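Peer 1: below are the sequence and a predicted model for it; my questions follow.
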Amino acid sequence: MSTTVPEATTESSVSSESLKVTLVDIGLCTFSALLSIFIIGSNVITILAICKTASLRSITNAYVASLAVTDIIVGFDLILAALFMLPNLRAELFYKSIHACVLMQVIGVAMPVLSAIHMTFIAVERYMYICKPYLYPRVVTNRFVSCTLSIAWTFGLFYAILLQFTHVPYGEIPLCDITKTLRIECLFYPLSAMYFPVVSIIVVMYILILRVALRQTKAICSTVPSVAGAISQQGNTGIGDQHKNSKNNASRRATLKSVKFFLTVFGVFFVCATPTVVVVGLDFYTTVPPSLYRLFNVITFMNSGMNFIIYAVQNQQFRAAFLRLAPWNRSRY
C-alpha cells in the first residue's frame, strides 16, 4: 500500500502553469491509468484466489486479503492522480473543488498507515505461530482476526475522515499541494507517530522470528545425519522415526519459507513507503524538488501492485491459484 504525494507547490498552482496538454502529461496520465488497472486487477485476483482455494483460506491470509483491499483503494486513488496529470482537468476538477484534491491526498495518507497496521498483525501472528506454538491456538482465533481487522479499518477510516474535515481552505490562488492543504499537526505529526513505531514493532517481531528460524535451520541440518545413522543401525525399526522426523523437517522448511515470504512483503513496503513519509515531513520545513515528489509517487504507487508479484514468485500455493483463475485454464473450479 502506498503514500500519495501530489506534485510540489511550484507545479500545483493554477496561476503559474499552462493549461496546454503536453506529451509528457499524456504519458504520465496513461501510465497512471494502466498502473491503476494493474493494481486493482491484481489485488482482485489475490482476493479471489484466497476465497476459491481451500488451502489458502487461513488466518494469515485473512490479513493478506484485507491488505489487498487497501491496495485496491490505492488503485482507485491512482485514477484521481491520473486525472491530476492533465492540466485542464487539474484546473477544472481539483482547483475548483478542494474536496477532490483532499480526497486524493487523504486516501494516499490513510492507506499506507492501514497497510502498516496489517503488516504488524501479520508479524505478530507469525511470531505467535513460530515462537509461541502452544499459545497460538488459544490466542489467534477467528474471533481474534475479526476483532483486529475491525480495529484496523475503524482506525484507518477515522484517520481519513479526520484529515478530510481538518484541511486548510484554498486561498485566492488554488494550490493542490499536500503540505499546503493538510495541517502539519494532523498530517505529519500523527503520521510519523504511527508509522515509525509500527515499523519498529514489525522489525522487532521479525528479528525474534528469525532467531527461532535460524535455530530451526540448524535443527534440520543436525537431524538429517542422525536419522541416517539410526536407520543404518536399526534397519526397518527406524522407518517410523524417519517418517516423523521427515514431517517435522518439512514443517520447519514451510515455516522458514513463510517467514521469508512475509519478510519480503514488508521489506518492499518499507523501501517504497518510508522515503515518501520522510519527504512529506521535509516539505513542511523546506522546499522539496518537484522531480523528487514525482519519483516517490511512482515508487509508492507501484508498491500496491508488488504484493501480487511477490505472491506469484515466492508462494507456490498462490501461484497455482492464480493459474487456475486464468481464463485460458478450462480446468479451473
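Peer 2: Yes, it's here.

Peer 1: in the stretch 1-150 of the chain, where is pLDDT below threshold?
Peer 2: Within the stretch 1-150 of the chain, the segments meeting pLDDT under 70 span 1-18.

Peer 1: can you give me the helices in it?
Peer 2: 23-52, 59-84, 87-89, 98-131, 136-139, 142-165 (DSSP state H, counting those that start in this stretch).

Peer 1: ok, the stretch 151-300 of the chain next?
Peer 2: Per DSSP H, counting those that start in this stretch, the stretch 151-300 of the chain carries helices over the ranges 178-181, 188-234, 239-283, 290-314.

Peer 1: quick one: average pLDDT of the longest one?
Peer 2: So the one you mean is helix 188-234. Across helix 188-234, pLDDT averages out at 74.

Peer 1: can you check the first one too?
Peer 2: In this model, helix 178-181 has an average pLDDT of 84.

Peer 1: gap between residue 32 and residue 265?
Peer 2: Applying Cβ to Cβ, to the nearest Å, the value for residue 32 to residue 265 is 24 Å. From N, CA and C alone the C-beta is placed, and that goes for glycine too.

Peer 1: should've said residue 273
Peer 2: To residue 265, residue 273 is 12 Å away according to Cβ to Cβ.

Peer 1: higher neighbour count, these two?
Peer 2: Comparing residue 273 with residue 265 by other Cβ atoms under 10 Å, the one with more neighbours is residue 273, at 24 against 21.

Peer 1: with adjacent residues omitted, what lies nearest to the more buried one?
Peer 2: Using Cβ to Cβ, 6 or more residues apart in numbering and skipping the chain neighbours, the partner closest in space to residue 273 is residue 112 (5.1 Å).

Peer 1: that neighbour: neighbour count?
Peer 2: Neighbour count of residue 112, defined by other Cβ under 10 Å: 29.

Peer 1: distance of it from residue 269?
Peer 2: Using Cβ to Cβ, residue 112 is found at 8 Å from residue 269.

Peer 1: likewise for residue 41?
Peer 2: The gap separating residue 41 from residue 269 is 20 Å, by Cβ to Cβ.

Peer 1: same thing with residue 135?
Peer 2: Here residue 135 is placed at a distance of 27 Å from residue 269 (Cβ to Cβ).

Peer 1: neighbour-wise, which of these two wins?
Peer 2: residue 269 (25 against 11).

Peer 1: who's in contact with that one?
Peer 2: Counting by Cβ atoms under 8 Å, 6 or more residues apart in numbering, residue 269 touches 1, 115, 116, 119, 303.

Peer 1: the third one reaches residue 198, doesn't it?
Peer 2: Yes: in terms of Cβ atoms under 8 Å, residue 116 counts as a neighbour of residue 198; the distance is 4.7 Å.

Peer 1: same drill for the two, tell me which one is more crowded.
Peer 2: Per other Cβ under 10 Å, whichever of residue 116 and residue 198 has more neighbours is residue 116, with 24 against 17.

Peer 1: so who does the more buried one touch?
Peer 2: For residue 116, the contact set (Cβ under 8 Å, 6+ apart) comprises 194, 195, 198, 199, 202, 269, 273.

Peer 1: which non-adjacent residue is nearest the fifth one?
Peer 2: Put plainly, it is residue 202. Setting aside the residues directly before and after it, residue 202 is nearest to residue 123 in space (Cβ to Cβ, 6+ apart), at 4.6 Å.

Peer 1: what sits against that neighbour?
Peer 2: Applying Cβ under 8 Å, 6+ apart, we find residue 123 in contact with 201, 202, 205, 206, 209, 262, 266.

Peer 1: now residue 292
Peer 2: By Cβ under 8 Å, 6+ apart, the contact list for residue 292 reads residue 279.

Peer 1: swap in residue 36?
Peer 2: Residue 36 neighbours (Cβ under 8 Å, 6+ apart): 75, 76, 78, 79, 82.

Peer 1: roughly how far does it sit from residue 81?
Peer 2: From residue 36 across to residue 81, the span is 8 Å (Cβ to Cβ).

Peer 1: how about residue 188?
Peer 2: 20 Å.

Peer 1: repeat for residue 29
Peer 2: To residue 81, residue 29 is 9 Å away according to Cβ to Cβ.

Peer 1: tell me which of the two has more neighbours.
Peer 2: A count of neighbours by other Cβ under 10 Å puts residue 81 above the other of residue 29 and residue 81, at 25 against 18.

Peer 1: these two touch, right, the more buried one and residue 32?
Peer 2: Yes: Residue 81 lies in contact with residue 32 (Cβ under 8 Å); the separation is 5.4 Å.
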